[in-house]
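Q: Give the three-dimensional model of this entry:
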Amino acid sequence: MFKTKLSQSRAWEEFYTLKLMHRHIGAIAALILISLLSSLSRTPIDHTISNYWEGFLWGLADPVISLDCLVGIVAIGLLSSVFVGGAAIAGYYVLATILGVVIHLFQLNLPGTEIAIAISTIVFGTMLMMSNQPNFMVLALVAISAGLFQGYADAESIIGVGMMPLVTYILGITLTLFAVAMSARDIGLAMGMGKINRILPWKMSIAGLALCAIGIVFLSNSISKTYL
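A: Now for the predicted structure:
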């Protein structure tokens, strides 16, 4: 009797875990679609922010309409599921993004922003395709570097806004990044990314390959803009 109840409990737990994973996948897929449509429609990069509410809304939207940022944080969330304390990696990325915004607002130069973001996307994709678990410190450093450059790039579109709109903009970015990263982390956990001696799911390999392809496209475009 006890074994039967235990097996039923595990079955229900697996069912809800699978259902939650599908919801997260659907939500992230919708965000990626929105990002692609924004890119195709050439949504203007420069924002007209005149009050704190517009700042908050643009903060929520920027990580979504910026495809390189979106795929980067999804990759960080997936990779963070390998580690027990992997949620800290997403936290490092978000804090680094905020620091990148501050660096730009203080008019400090951070060269090669777009190239660095593209390279970090390729690195994340490569890590997803690796059969061995990535090193925690290496992943954390790459996440911090990507966050710095991403925040610096985002700040280019909000130069000249007031203090309150800036604060709400940063708050919006933080909420969106954490939501996407934690959703991606839940997907990775549901797929067994954190298990010892795991067998890499083929879906993760495809995701890593897609990230590498996106990163290569962004890198090519960035090099063309910079040197041609």
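Q: so where is this protein shaky, pLDDT-wise?
A: Confidence mapping of the chain against pLDDT under 70 gives the ranges 1-47, 192-202, 226-228.
Q: Residue nearest the middle of it, spatially speaking?
A: Residue closest to the average C-alpha location in the chain (CA atoms, centre = their mean): Ile73, at 0.9 Å.
Q: Does anything pack onto the strand or helix carrying it? Which helices or strands?
A: When elements are defined using DSSP states H and E, Ile73 is found to belong to helix 67-80. The helices and strands touching helix 67-80, judged by 3 or more CB pairs under 8 Å, 6 or more residues apart in numbering; DSSP states H and E, are helix 2-40, helix 52-65, helix 87-105, helix 113-129, helix 136-155, helix 163-190, helix 202-227. Placement of C-beta: from N, CA and C, glycine included.
Q: Rebuild the ones you listed as JSON lines, extending it with mean neighbour count.
A: Supplementary listing: the helices and strands packed on helix 67-80 in JSON lines, determined by neighbours: other CB atoms under 10 Å:
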{"stretch": "helix 2-40", "mean neighbour count": "12"}
{"stretch": "helix 52-65", "mean neighbour count": "20"}
{"stretch": "helix 87-105", "mean neighbour count": "20"}
{"stretch": "helix 113-129", "mean neighbour count": "21"}
{"stretch": "helix 136-155", "mean neighbour count": "22"}
{"stretch": "helix 163-190", "mean neighbour count": "20"}
{"stretch": "helix 202-227", "mean neighbour count": "15"}
